[in-house]
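Chemist: could you work out the structure for the sequence below:
(one chain, ligands or ions: 1)
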Amino acid sequence: MTAGATLEVAGLARAFGGVYAVRDAGLTVAPGELRAVIGPNGAGKSTLFALIGGQLTADAGTVRLDGRRIDRLPPHRRAGLGVAVVFQAARIFADLTALENVMVGAHATTSAGFLAAALRLPAHHRQERLIRERAADCLARTGLAEWAGRPARELPLGRQRALQLARALCGRPRLLLLDEPASGLRAAERERLAELVAGLRSEGLTILLVEHDVAFVMRLADRITVLDLGRVIADGRPAEVRADPGVIGAYLGRAAA
Ligand SMILES: Nc1ncnc2c1ncn2[C@@H]1O[C@H](COP(=O)(O)OP(=O)(O)OP(=O)(O)O)[C@@H](O)[C@H]1O
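Modeler: Alright, predicted model coming up:
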(Lines give C-alpha, C1' and ligand atoms only; values in the text may rest on other atoms or scores of the structure.)
Protein backbone atom coordinates (compact mmCIF):
# COMPACT_ATOMS: atom_id res chain seq x y z
CA MET A 1 0.00 0.00 0.00
CA THR A 2 1.22 3.49 -0.86
CA ALA A 3 1.28 6.13 1.86
CA GLY A 4 -0.57 9.39 1.34
CA ALA A 5 1.30 12.55 0.37
CA THR A 6 1.38 16.00 1.96
CA LEU A 7 -0.17 18.69 -0.21
CA GLU A 8 0.79 22.33 0.34
CA VAL A 9 -0.84 25.09 -1.67
CA ALA A 10 0.32 28.67 -1.08
CA GLY A 11 -0.60 32.03 -2.61
CA LEU A 12 -2.26 30.33 -5.56
CA ALA A 13 -3.95 32.58 -8.10
CA ARG A 14 -5.51 32.20 -11.52
CA ALA A 15 -7.50 34.76 -13.47
CA PHE A 16 -9.68 34.43 -16.56
CA GLY A 17 -10.03 37.60 -18.61
CA GLY A 18 -8.81 39.73 -15.71
CA VAL A 19 -11.22 38.20 -13.18
CA TYR A 20 -9.72 36.03 -10.46
CA ALA A 21 -11.26 32.54 -10.23
CA VAL A 22 -8.77 31.63 -7.47
CA ARG A 23 -7.02 34.32 -5.48
CA ASP A 24 -4.25 33.93 -2.93
CA ALA A 25 -5.51 30.47 -1.97
CA GLY A 26 -3.60 28.44 0.59
CA LEU A 27 -4.17 25.11 2.26
CA THR A 28 -2.11 22.27 3.70
CA VAL A 29 -3.41 18.72 3.67
CA ALA A 30 -1.64 16.18 5.89
CA PRO A 31 -0.84 12.63 4.74
CA GLY A 32 -3.93 10.44 5.06
CA GLU A 33 -6.23 13.39 5.61
CA LEU A 34 -9.59 13.70 3.88
CA ARG A 35 -10.07 17.37 3.11
CA ALA A 36 -13.26 18.72 1.62
CA VAL A 37 -13.46 21.94 -0.36
CA ILE A 38 -16.87 23.58 -0.39
CA GLY A 39 -18.28 26.91 -1.55
CA PRO A 40 -21.01 28.44 -3.69
CA ASN A 41 -21.17 28.03 -7.47
CA GLY A 42 -18.32 29.86 -9.13
CA ALA A 43 -16.26 30.00 -5.90
CA GLY A 44 -13.23 28.56 -7.70
CA LYS A 45 -13.33 24.93 -6.55
CA SER A 46 -12.90 23.35 -9.99
CA THR A 47 -10.22 25.87 -10.88
CA LEU A 48 -8.32 25.02 -7.68
CA PHE A 49 -8.49 21.32 -8.58
CA ALA A 50 -7.23 21.93 -12.09
CA LEU A 51 -4.36 24.00 -10.71
CA ILE A 52 -3.36 21.11 -8.46
CA GLY A 53 -3.83 18.44 -11.14
CA GLY A 54 -2.02 20.51 -13.76
CA GLN A 55 -4.87 20.94 -16.23
CA LEU A 56 -4.46 24.68 -15.62
CA THR A 57 -1.31 26.63 -14.73
CA ALA A 58 -1.26 29.20 -11.97
CA ASP A 59 -0.61 32.91 -12.52
CA ALA A 60 1.04 32.99 -9.08
CA GLY A 61 1.67 30.75 -6.09
CA THR A 62 2.98 27.28 -5.45
CA VAL A 63 1.72 23.70 -5.20
CA ARG A 64 3.96 21.23 -3.35
CA LEU A 65 3.69 17.48 -3.03
CA ASP A 66 5.79 16.23 -0.12
CA GLY A 67 7.74 19.46 -0.31
CA ARG A 68 8.48 19.21 -4.02
CA ARG A 69 7.12 21.94 -6.28
CA ILE A 70 4.81 20.54 -8.94
CA ASP A 71 3.03 23.69 -10.11
CA ARG A 72 5.03 24.02 -13.32
CA LEU A 73 4.79 20.35 -14.30
CA PRO A 74 2.41 19.07 -16.97
CA PRO A 75 -0.47 16.84 -15.78
CA HIS A 76 1.17 13.53 -16.71
CA ARG A 77 4.29 14.36 -14.66
CA ARG A 78 2.13 15.22 -11.67
CA ALA A 79 0.26 11.94 -12.21
CA GLY A 80 3.62 10.16 -12.26
CA LEU A 81 4.38 11.65 -8.84
CA GLY A 82 1.09 10.31 -7.49
CA VAL A 83 -1.59 12.94 -8.16
CA ALA A 84 -4.82 11.40 -9.49
CA VAL A 85 -7.78 13.54 -10.47
CA VAL A 86 -11.26 12.09 -10.88
CA PHE A 87 -13.20 14.75 -12.75
CA GLN A 88 -16.95 14.81 -12.78
CA ALA A 89 -16.93 14.43 -16.52
CA ALA A 90 -14.31 11.65 -16.50
CA ARG A 91 -15.05 9.38 -19.42
CA ILE A 92 -16.01 5.78 -19.10
CA PHE A 93 -15.62 3.60 -22.18
CA ALA A 94 -19.18 2.34 -22.37
CA ASP A 95 -18.51 -0.70 -24.57
CA LEU A 96 -15.42 -1.91 -22.72
CA THR A 97 -15.89 -4.11 -19.67
CA ALA A 98 -15.33 -2.71 -16.19
CA LEU A 99 -12.01 -4.59 -16.04
CA GLU A 100 -10.88 -3.22 -19.40
CA ASN A 101 -11.78 0.31 -18.32
CA VAL A 102 -9.47 -0.02 -15.35
CA MET A 103 -6.75 -1.64 -17.48
CA VAL A 104 -6.79 1.38 -19.77
CA GLY A 105 -6.00 3.50 -16.70
CA ALA A 106 -3.19 1.17 -15.69
CA HIS A 107 -1.65 1.21 -19.16
CA ALA A 108 -1.27 4.96 -18.91
CA THR A 109 1.01 4.53 -15.87
CA THR A 110 3.12 1.51 -16.78
CA SER A 111 6.29 1.41 -18.79
CA ALA A 112 5.58 -1.32 -21.37
CA GLY A 113 6.95 0.06 -24.57
CA PHE A 114 4.67 0.85 -27.40
CA LEU A 115 6.99 -1.13 -29.64
CA ALA A 116 6.95 -4.16 -27.35
CA ALA A 117 3.17 -4.02 -27.42
CA ALA A 118 3.12 -3.77 -31.20
CA LEU A 119 5.51 -6.72 -31.57
CA ARG A 120 3.86 -8.71 -28.77
CA LEU A 121 7.16 -9.41 -27.07
CA PRO A 122 7.24 -11.62 -23.97
CA ALA A 123 7.89 -8.60 -21.75
CA HIS A 124 4.67 -7.18 -23.02
CA HIS A 125 2.71 -10.33 -22.20
CA ARG A 126 4.12 -10.34 -18.70
CA GLN A 127 3.19 -6.74 -18.24
CA GLU A 128 -0.27 -7.34 -19.65
CA ARG A 129 -0.83 -10.03 -17.04
CA LEU A 130 0.41 -7.76 -14.25
CA ILE A 131 -1.88 -4.98 -15.43
CA ARG A 132 -4.83 -7.36 -15.52
CA GLU A 133 -4.06 -8.47 -11.95
CA ARG A 134 -3.63 -4.94 -10.74
CA ALA A 135 -6.88 -3.87 -12.42
CA ALA A 136 -8.76 -6.78 -10.83
CA ASP A 137 -7.34 -5.70 -7.47
CA CYS A 138 -8.55 -2.13 -7.94
CA LEU A 139 -12.01 -3.39 -8.89
CA ALA A 140 -12.09 -5.48 -5.72
CA ARG A 141 -11.04 -2.49 -3.60
CA THR A 142 -13.97 -0.51 -4.96
CA GLY A 143 -16.49 -3.34 -4.52
CA LEU A 144 -16.77 -4.04 -8.25
CA ALA A 145 -15.30 -7.54 -8.48
CA GLU A 146 -18.57 -9.07 -9.61
CA TRP A 147 -18.96 -6.43 -12.35
CA ALA A 148 -15.53 -7.07 -13.89
CA GLY A 149 -16.75 -8.74 -17.07
CA ARG A 150 -19.79 -6.52 -17.68
CA PRO A 151 -19.75 -3.69 -20.23
CA ALA A 152 -19.41 -0.40 -18.34
CA ARG A 153 -22.67 0.91 -19.77
CA GLU A 154 -24.58 -1.72 -17.78
CA LEU A 155 -23.25 -0.38 -14.48
CA PRO A 156 -25.65 1.82 -12.48
CA LEU A 157 -24.43 5.39 -11.97
CA GLY A 158 -23.09 4.72 -8.47
CA ARG A 159 -21.04 1.79 -9.77
CA GLN A 160 -19.74 3.93 -12.62
CA ARG A 161 -18.45 6.42 -10.06
CA ALA A 162 -16.75 3.56 -8.25
CA LEU A 163 -15.26 2.49 -11.59
CA GLN A 164 -13.77 5.95 -12.09
CA LEU A 165 -12.23 5.59 -8.64
CA ALA A 166 -10.90 2.13 -9.46
CA ARG A 167 -9.25 3.52 -12.57
CA ALA A 168 -7.60 6.30 -10.58
CA LEU A 169 -6.42 3.83 -7.91
CA CYS A 170 -4.68 1.71 -10.52
CA GLY A 171 -2.10 4.47 -10.96
CA ARG A 172 -1.24 4.01 -7.24
CA PRO A 173 -1.93 7.63 -6.33
CA ARG A 174 -0.75 9.28 -3.12
CA LEU A 175 -3.12 12.21 -3.51
CA LEU A 176 -6.62 11.65 -4.87
CA LEU A 177 -8.69 14.61 -6.07
CA LEU A 178 -12.42 13.88 -6.30
CA ASP A 179 -14.65 16.36 -8.08
CA GLU A 180 -18.27 16.06 -6.90
CA PRO A 181 -18.33 12.26 -6.76
CA ALA A 182 -21.81 12.14 -5.19
CA SER A 183 -23.63 14.38 -7.67
CA GLY A 184 -26.69 12.78 -9.22
CA LEU A 185 -26.53 9.68 -7.01
CA ARG A 186 -29.51 8.28 -5.13
CA ALA A 187 -29.36 7.99 -1.34
CA ALA A 188 -28.30 4.33 -1.25
CA GLU A 189 -25.61 4.91 -3.89
CA ARG A 190 -24.39 7.96 -2.02
CA GLU A 191 -24.13 5.89 1.14
CA ARG A 192 -22.07 3.23 -0.60
CA LEU A 193 -19.80 5.84 -2.14
CA ALA A 194 -19.28 7.51 1.25
CA GLU A 195 -18.21 4.16 2.68
CA LEU A 196 -15.87 3.58 -0.24
CA VAL A 197 -14.22 6.99 0.14
CA ALA A 198 -13.94 6.52 3.92
CA GLY A 199 -12.29 3.14 3.28
CA LEU A 200 -9.67 4.69 0.99
CA ARG A 201 -8.98 7.31 3.61
CA SER A 202 -8.45 4.66 6.24
CA GLU A 203 -5.93 2.99 3.91
CA GLY A 204 -3.86 6.16 4.33
CA LEU A 205 -4.50 7.92 1.03
CA THR A 206 -4.61 11.72 1.07
CA ILE A 207 -7.93 12.84 -0.43
CA LEU A 208 -9.18 16.23 -1.56
CA LEU A 209 -12.90 16.26 -2.21
CA VAL A 210 -15.10 18.92 -3.83
CA GLU A 211 -18.73 18.27 -3.07
CA HIS A 212 -21.95 20.26 -2.89
CA ASP A 213 -23.69 17.73 -0.66
CA VAL A 214 -22.96 19.29 2.73
CA ALA A 215 -24.19 16.28 4.73
CA PHE A 216 -21.86 14.00 2.74
CA VAL A 217 -18.95 16.34 3.40
CA MET A 218 -19.64 16.97 7.09
CA ARG A 219 -19.70 13.28 7.74
CA LEU A 220 -16.59 12.30 5.79
CA ALA A 221 -14.11 15.13 6.02
CA ASP A 222 -11.39 15.51 8.64
CA ARG A 223 -11.22 19.20 7.77
CA ILE A 224 -13.08 21.53 5.43
CA THR A 225 -11.77 24.45 3.40
CA VAL A 226 -14.41 26.97 2.33
CA LEU A 227 -13.90 29.05 -0.80
CA ASP A 228 -15.87 32.12 -1.76
CA LEU A 229 -15.05 34.33 -4.75
CA GLY A 230 -11.76 32.49 -5.17
CA ARG A 231 -10.55 33.09 -1.61
CA VAL A 232 -10.32 30.76 1.36
CA ILE A 233 -12.80 32.16 3.89
CA ALA A 234 -12.59 29.33 6.43
CA ASP A 235 -10.60 26.22 7.18
CA GLY A 236 -11.28 23.89 10.09
CA ARG A 237 -12.96 20.82 11.47
CA PRO A 238 -16.53 20.19 10.26
CA ALA A 239 -18.10 21.39 13.52
CA GLU A 240 -16.03 24.61 13.47
CA VAL A 241 -16.89 25.33 9.85
CA ARG A 242 -20.58 24.63 10.41
CA ALA A 243 -20.64 27.20 13.23
CA ASP A 244 -18.62 29.87 11.38
CA PRO A 245 -20.84 32.93 10.79
CA GLY A 246 -18.89 33.90 7.65
CA VAL A 247 -19.46 30.45 6.16
CA ILE A 248 -23.13 30.43 7.08
CA GLY A 249 -23.52 33.81 5.40
CA ALA A 250 -21.60 32.91 2.27
CA TYR A 251 -22.68 29.34 1.76
CA LEU A 252 -24.35 27.18 4.35
CA GLY A 253 -27.25 29.59 4.86
CA ARG A 254 -27.89 29.51 1.16
CA ALA A 255 -27.32 25.78 0.84
CA ALA A 256 -29.83 25.13 3.61
CA ALA A 257 -32.37 27.56 2.16
N1 LIG B 1 -11.97 28.30 -18.49
C2 LIG B 1 -12.55 29.39 -17.97
N3 LIG B 1 -12.68 30.52 -18.68
C4 LIG B 1 -13.25 31.62 -18.15
N5 LIG B 1 -13.74 31.68 -16.90
C6 LIG B 1 -13.64 30.59 -16.14
C7 LIG B 1 -13.05 29.38 -16.62
N8 LIG B 1 -13.09 28.44 -15.65
C9 LIG B 1 -13.69 29.04 -14.60
N10 LIG B 1 -14.02 30.32 -14.90
C11 LIG B 1 -14.65 31.27 -13.98
O12 LIG B 1 -13.95 31.21 -12.76
C13 LIG B 1 -14.84 31.28 -11.65
C14 LIG B 1 -14.67 30.04 -10.78
O15 LIG B 1 -15.17 28.91 -11.47
P16 LIG B 1 -15.05 27.42 -10.94
O17 LIG B 1 -15.66 26.54 -11.98
O18 LIG B 1 -13.67 27.16 -10.51
O19 LIG B 1 -16.00 27.46 -9.66
P20 LIG B 1 -16.65 26.25 -8.85
O21 LIG B 1 -16.55 26.65 -7.42
O22 LIG B 1 -16.05 24.99 -9.26
O23 LIG B 1 -18.17 26.31 -9.31
P24 LIG B 1 -19.28 25.14 -9.37
O25 LIG B 1 -19.63 24.83 -7.96
O26 LIG B 1 -20.42 25.80 -10.10
O27 LIG B 1 -18.69 23.99 -10.11
C28 LIG B 1 -16.24 31.44 -12.22
O29 LIG B 1 -16.56 32.81 -12.22
C30 LIG B 1 -16.09 30.89 -13.63
O31 LIG B 1 -17.01 31.53 -14.48
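
Chemist: use CA for all of it now, contacts and neighbours both
Modeler: OK.

Chemist: run through the helices of this structure in chain order.
Modeler: Here the chain has its helices, by DSSP state H, at 45-53, 75-80, 98-107, 114-119, 122-141, 157-169, 187-202, 214-220, 238-242, 245-247, 253-256.

Chemist: quick one: closest of those helices to the ligand.
Modeler: helix 45-53 (3.6 Å; CA to the nearest ligand atom).

Chemist: any part of the closest one near the ligand?
Modeler: Yes - applying CA under 6 Å from any ligand atom, one finds helix 45-53 touching the ligand at 45, 46, 47.

Chemist: out of those, who has the most neighbours?
Modeler: residue 45 (26 neighbours; other CA atoms under 10 Å).

Chemist: do I have it right that that one meets residue 212?
Modeler: No - shown here, residue 45 and residue 212 do not form a contact pair, counting by CA atoms under 8 Å, at 10.5 Å.

Chemist: any idea which of the helices of the chain scores lowest on pLDDT?
Modeler: Comparing mean pLDDT across the helices of the chain, the weakest is helix 114-119, with a mean of 54.

Chemist: can you list the helices of the chain in a markdown table and add distance to residue 38?
Modeler: Below are these laid out as a markdown table (distance: least, CA to CA, whole Å):
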| stretch | distance to residue 38 |
| --- | --- |
| helix 45-53 | 7 |
| helix 75-80 | 23 |
| helix 98-107 | 28 |
| helix 114-119 | 41 |
| helix 122-141 | 27 |
| helix 157-169 | 20 |
| helix 187-202 | 16 |
| helix 214-220 | 8 |
| helix 238-242 | 10 |
| helix 245-247 | 10 |
| helix 253-256 | 11 |
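
Chemist: thinking again about what came up before, identify the contacts common to residue 45 and residue 212.
Modeler: In terms of CA atoms under 8 Å, 6 or more residues apart in numbering, residue 45 and residue 212 are both contacted by the residues 38, 39.

Chemist: chain neighbours aside, what residue packs nearest to the closest residue to the ligand within the stretch 151-257 of the chain?
Modeler: Using CA to the nearest ligand atom, the point where the stretch 151-257 of the chain gets nearest to the ligand is residue 230, with a distance of 6.8 Å. Nearest non-adjacent residue to residue 230, counting by CA to CA, 6 or more residues apart in numbering: residue 22, 3.9 Å away.

Chemist: report the contact partners of that neighbour.
Modeler: Taking CA under 8 Å, 6+ apart, we find residue 22 in contact with 12, 13, 14, 15, 43, 44, 47, 48, 229, 230, 231.

Chemist: wait, doesn't the third one sit right on residue 52?
Modeler: The one in question is residue 14. No - using CA under 8 Å as the test, residue 14 is too far from residue 52 to be in contact (11.7 Å).

Chemist: compare these two (neighbour count), which wins?
Modeler: Counted by other CA under 10 Å, residue 14 and residue 52 do not tie: residue 52 has more neighbours, with 28 against 24.

Chemist: residues contacting that one?
Modeler: 63, 71.

Chemist: what residues does this protein put near the ligand?
Modeler: So far as CA under 6 Å from any ligand atom goes, the chain lies against the ligand at 16, 21, 40, 41, 42, 43, 44, 45, 46, 47.

Chemist: quick one: the most centrally placed residue in the chain from residue 133, how far?
Modeler: Nearest to the geometric centre of the chain sits residue 177, at 2.1 Å (CA atoms, centre = their mean). Using CA to CA, to the nearest Å, residue 177 is found at 24 Å from residue 133.

Chemist: do residue 140 as well
Modeler: 11 Å.

Chemist: many thanks, we can stop here.
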